[in-house]
Structure formats: structure tokens, C-alpha cells
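**Student:** Need the 3D shape of this:
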Amino acid sequence: MMLAAFYGKESKKIFNLTHVREILISTFSQRQFSVPLIIGLLLAYAGEMGQPTFHTDSYFEIWYRDNFLDYWTGYGRYLSKLIMLALDRVYPPTFLLLIAVMTLACVGVLLAALWSVSGKARPILVIILCTFPFFFETFSYAPGRYVPLAIGFGVLSVITDGMVGLICALGAVFIYQSSLYFALVVALVWAAIDVLRGCAWSECVRRIVIPKVGLIVIATGIDNIVLRLVDAFLSPIALVHYRLISSLYELRYALAAHGRAMLSFFLERGVFLFPYWTKLVAVFGILTIVTAVVRSSLTFGNRLFVLVVLAALPFAAHGATLCLADPNPFLFERVLLGYAAVYAGIFAIALACPLSHRVRSTVIFLFATAAAGFVYQANVWHEYLRLKNMADMDMARAISDRLKADPQYHSGGPLVVVGSVTPADYLPYRAFHPKEGVIQNTNINSAYALQWSSDRFLMFFVSFRWPTAEEIATAKRNAMGRGPWPASDSVFIRDGVMTIVLSRPSTRP
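**Tutor:** Modelled structure (predicted):
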């Protein structure tokens, strides 16, 4: 009865926490929903559950970031940091991923209820959400596996009212700010579906768009105020402030960057983990919606509203970055999580349109195929990271053996890595050459390819400390004339500094 009420056309879809619990219990108890969902998620994540393949940054979190005043706090993710401290910086990989996927599944169930998606389409929508490629990089960082919790809070802020909604919105923003952009997309899709089902566009603006967008703006404003207050008293943690658009030139530049990113989401070829054909499924969904809306018997205002909302979904996914003079640092999937809601929302809006049985079946089939594609890509992602980590770990083991064989070796000394390199011992570095598109993929580097992460795997084999500026200068000076790894003289200890030469140091000052 509860689900029937929420899937009904006349329901106002304002939930309380009791409704949320009943919807989740009722939905997961239905075998026609739970069986395909469990099969899909097991196919996607069983490999990762059995053999975790964390990104090496998780080790950095465990070892170095052991206080409250670090960059995680500096970005305003206070609730995330409290969770880390509560777990005492212990990140059980399988447990965290399991909780993250379960949280996304619960979010998907609530979205299906909110968006009136039922029948065979419901598990498809949830699988799309749980396996969407933009979550893969997020899941590769141990603290990033809290992001689904932030998304859950964001969705709860949209589907509830009053103080509960505001508290949930703040919970989302204090875990991971861009989760609110996901919630904004959810609200717009909700409004479009209600209009397609007979509600006047003006009523949806009054009842959904204005209060929900207003709530997100208020939560964002509170977050900004708190950040500034923290910055005023705790400036040593080096908060990052990004410049807002202040000229017509910057506005044109920013809009062009956002426009290219939006087009790349739907049309760019050769992007790692997001096959072109799955992008075209979303394009097909958009064309289906536009055709159905133009041919429908809806009033002109309702038709225009649905089309405007459809065009606005990518902008909602970009959120506050639309105001930045240089949005490029944010145009990658770890931040643009709202695109998962865009993709699922296109599916839901298409199902709400007046379609013939054949077209509706085609929509369901194509998005089911995309869901299967995402499940496959989850396994590609897992295998890629497994082999990447094997290459990095084997190299760390070989380097540590050389260091420990040096007569001058002693535990706890300073270690300096000079230069960078990408090991080519295993398949990924020969087979995968992901295109750095407008929406970037950043989960492809070896730990040794970047200076800030080059010592991550070594911490498992060698006890060392971070070097001082003087020790770094000494190591670089001693590295001159040495061959790069794996040359016999590329690993050495001199002047008390353990030095690893990955590439020839520059002769320039």
C-alpha cells in the first residue's frame, strides 16, 4: 500500500523517515526486484570484494593524515573527518565498499519511488546508479567511499521537508560538497516527471523547484560561511579558495569549458571506463524524451518546462563550479557525481513520457544493456587497478631490497624520490591508453608517476621519514649523473639520505 501510494500520480512525494524505512523494506523484500539487483551487484563487485585494489592514496590517509587539522578538514568535509577519526584511520576495504554500494542501492530505491519507476525498470535504474563509471575513481580512495553516504543525505534533504531536510543537506555538504549537486539533479528530474504526469508546471516550480533549490543554496551558503570562519582561525591548514567569475571574458571562458565537458559526457569517444555506446544510450533517451514531449498533448507551458529541465540537468550536475573563473580543476568524475543522477534521470523521464509499448520496451532494453556494460566495466576497473598495484608493489619490493642491502641503511632515515616513472611490467600500461578528455579520468597513474605519491608503496617495505628541504636538495645533488631506475646506481644512500632516481634530474636550478 505504501509503495502504491508513492508510485501513484497524485502523490505529493514528501516523505518522512518512517516512509523511507517502509519503502526500503517493502522494495528489498520483493524477489522480482532484489534477485536481479543482487545478481547485478555481485557480478560488478565480487572481484573487488574478494581482492581489494585500493588506490595508493588510501595508504597515505592511514599513515600520514592522523590529526584533525588536515586537508580533509580544510575542504570543509568535517563529518568525513569525524568518521575517519571514529574508525581510528582503519579502512577495512571490503566493508567500506560493501556499505558504499548498499547505500547507493538504497538511494536508487528511493529515487525509483520518487520518480515513479516501477516493474522491470526499477532494478535497472538501481544497477545503473550503483555501477555508474563516475563512482569507480571515488571508490578507489578509502575516504572517498563515504561519498555515497553524502549522496544519501543529499537525496533525503530533497525528499523530506523542514528542519530534517536542512540537517540532511548539511550532513551531505559536510561529507562531500558535490553530493548536493546530485540532489539538485534529483529535484529537477522529480519536477519534470510530475509535470509529465499531469501536474501544472507552475505548481511544480512552487512545490519542488523553489523550495529544494533554495534548501541547497542555503546549505551551500552555510558551508561557505563555516569554511571562512575555520580559515580565519586555522589558516595554517591552507584552505583553498577559488576565484569567482568577475569579467565577461572569464564568463565566456568558464561557459566554454563547461560546455565542452557536457558534450564530452554525451559524445566523446575513447574515454576510459565510459564506452561510447553507453553515452549514445543516454543520447537516445534524450531524443526519445524530446520527440515524445513535442508530440504530446501537454500544454505548451508543461512541454517547455520539461525540455528546459532536461537541458538544465548537466548544469545542475556542475553545481557551484558554474560560478568559478577557472572550472577546469573540477571537471573530472570524482567531482561530477551528479552525472550519475543525470544518466538515471534521463531513463526515468523517458519512462514517464507518453510512449508506445514498443518504444518503452526499447528504452528499457537499451538502458538495461548500458547497465550490463557498466557491470562489465566495473570488472575492467578492478583488473586494471589490480595489475597496476602489482607493478607498483613489485617495484617497491625491488627498491627496498637494494636500500636494505646498502651498508649505510638504517631504519627511519629520510627518503627522497627523484623524478617519476610509470612501470611497464604488466598489461595495463601496454593495453590501456585512456584519453584525457574534457571530463578527465584521473585514476590511471602509477604511484611513481606523480611526485606527491611516489613513496606510497615503499612505506610497506622501508621505514623512513619525510625529508627536510635541505635533505631533498642534497639528494638531488647526489643524483646528478646517476642512471634512472632500474640502473644499478639508481638506488643509493649518501650523506644519510636514502635516494631513489626514477628519472634523470634536471640540470636547471
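**Student:** wait, what's in contact with the closest residue to residue 99 other than its chain neighbours?
**Tutor:** If the residues on either side of it in the chain are set aside, residue 99 comes closest to residue 145, at 7.4 Å by C-beta to C-beta, 6 or more residues apart in numbering. For the C-beta atoms, the positions are set from N, CA and C on the backbone; glycine is no exception. Counting by C-beta atoms under 8 Å, 6 or more residues apart in numbering, residue 145 touches 91, 96-97, 99-100, 138-139.
**Student:** where does the most far-flung residue of the chain relative to its centre sit relative to residue 494, distance-wise?
**Tutor:** Centroid-distance maximum for the chain: residue 407 at 46.0 Å, with C-alpha atoms, centre = their mean. As judged by C-beta to C-beta, to the nearest Å, residue 407 and residue 494 stand 12 Å apart.
**Student:** Secondary structure element for residue 409, which one?
**Tutor:** Element membership for residue 409 (DSSP states H and E) is empty, with no helix or strand holding it.
**Student:** tell me the pLDDT at the residue nearest to residue 48 when sequence neighbours are not counted?
**Tutor:** Distances taken as C-beta to C-beta, 6+ apart place residue 382 nearest to residue 48, at 4.6 Å, with adjacent residues excluded. On pLDDT, residue 382 comes in at 89.
**Student:** Contact partners for residue 382?
**Tutor:** Listed by C-beta under 8 Å, 6+ apart, the contact partners of residue 382 are 47-48, 51, 53.
**Student:** next one: phi and psi at the residue nearest to residue 496 when sequence neighbours are not counted?
**Tutor:** Nearest residue to residue 496 in three dimensions, chain neighbours excluded: residue 413, at 6.3 Å (C-beta to C-beta, 6+ apart). For residue 413, the backbone dihedrals (degrees, to the nearest 10) come out as phi -80, psi 170.
**Student:** Read off the pLDDT value for residue 413.
**Tutor:** pLDDT for residue 413: 93.
**Student:** What is the burial count for it?
**Tutor:** Neighbourhood size, residue 413 [other C-beta atoms under 10 Å]: 18.
**Student:** State the number of residues packed around the residue lying closest to residue 222 once chain neighbours are set aside.
**Tutor:** Nearest residue to residue 222, sequence neighbours excluded (C-beta to C-beta, 6+ apart): residue 170, at 6.5 Å. By the criterion of other C-beta under 10 Å, residue 170 has 20 neighbours.
**Student:** what residues go with each domain of the protein?
**Tutor:** Domain assignment of the chain by automatic domain parsing yields the ranges 12-381, 403-501.
**Student:** one step back: residues touching the residue nearest to residue 222, list them.
**Tutor:** Contact analysis of residue 170 by C-beta under 8 Å, 6+ apart lists 219, 222-223.
**Student:** for the residue nearest to residue 496, what are its contacts?
**Tutor:** With C-beta under 8 Å, 6+ apart, residue 413 has these contacts: 464-465, 493, 496-498.
**Student:** Counting neighbours, which of those end up buried?
**Tutor:** Applying 16 or more other C-beta atoms under 10 Å to the contacts of residue 413, the neighbour count classes 464, 493, 497-498 as buried.
**Student:** Nearest to residue 256 among these?
**Tutor:** Ranked by distance to residue 256 (C-beta to C-beta), those are led by residue 464 at 45.4 Å.
**Student:** Isn't the closest one up against residue 409?
**Tutor:** No - look at residue 464 against residue 409 with C-beta atoms under 8 Å: they stay out of range, at 10.3 Å.
**Student:** Common neighbours of those two, please.
**Tutor:** Residues touching both residue 464 and residue 409 (C-beta under 8 Å, 6+ apart) are residue 498.
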